[in-house]
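Colleague: build me a structure from this.
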Amino acid sequence: MIPENTTAQQIRDHLRSTYVNPARSRHESTIRIIAGDVLKALRLSNRAPAVCQVLRGRKFLEENSLILEKQEGPPSGLSTTATFTYRLAEQRQTPRDRAKSDWESLRGIAKEAFAAVGGAEAFLKSERKKFYGPGQDPLDDKWGKE
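Modeller: Predicted coordinates for the structure are as follows:
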């Protein structure tokens, strides 16, 4: 299934890159977004209802780990003056993200051990010499004898 690049998705992408990610990198606890600012930035006309629906939508909130704290504006809630205040919840790692970070944490784990014996390549060569008898290493023919 190919994801569609709908107006709603364009709005969510803009909100994430312009508001949510910068706020997280600054370690802020809340975000305040005005629908009219989003309309101007995306050069959308007569799309205030669409922007407001995205701003209060479950998909936007869940994708960005946000909690809608307060919504201000007209009773309809579908105006350029509608203002949304969010609290940034702790981002949950997906199982895939956890597995990736666990794997990356192992990177370079034996660096010090190999440094003590002259590096990984030297270690492997010494182990190969112990494994094969003199003149028996099949790689000696390819790389030359030492």
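
Colleague: what about the protein, any weak spots by pLDDT?
Modeller: Counting by pLDDT under 70, the chain contains low-confidence residues at 1-5, 91-108, 111, 114, 141-146.

Colleague: do a quick rundown of the helices in it.
Modeller: 7-15, 21-25, 35-42, 48-56, 58-63, 95-105, 111-115, 120-131, 140-143 (DSSP state H).

Colleague: contacting residues for residue 44?
Modeller: Taking C-beta atoms under 8 Å, 6 or more residues apart in numbering as the contact definition, residue 44 lies against 7, 38, 50, 51. Every residue, glycine included, has its C-beta placed from N, CA and C.

Colleague: distance of it from residue 55?
Modeller: To residue 55, residue 44 is 13 Å away according to C-beta to C-beta, to the nearest Å.

Colleague: shared neighbours of these two, anything?
Modeller: Common neighbours of residue 44 and residue 55 (criterion: C-beta under 8 Å, 6+ apart): residue 38.

Colleague: so what's the nearest residue to residue 38 once chain neighbours are set aside up against?
Modeller: With C-beta to C-beta, 6 or more residues apart in numbering as the criterion, residue 38 has its nearest non-adjacent residue at 5.0 Å, and that residue is residue 51. Residue 51 makes contact with 11, 35, 38, 39, 44, according to C-beta under 8 Å, 6+ apart.

Colleague: residue 51 and residue 133, how far apart?
Modeller: Distance from residue 51 to residue 133, by C-beta to C-beta: 75 Å.

Colleague: and what of residue 120?
Modeller: From residue 120 over to residue 133 (counting by C-beta to C-beta), the distance is 23 Å.

Colleague: more neighbours: which of these two?
Modeller: residue 120 (13 against 8; other C-beta atoms under 10 Å).

Colleague: what is the burial count for residue 87?
Modeller: Neighbour tally, residue 87, other C-beta under 10 Å: 14.
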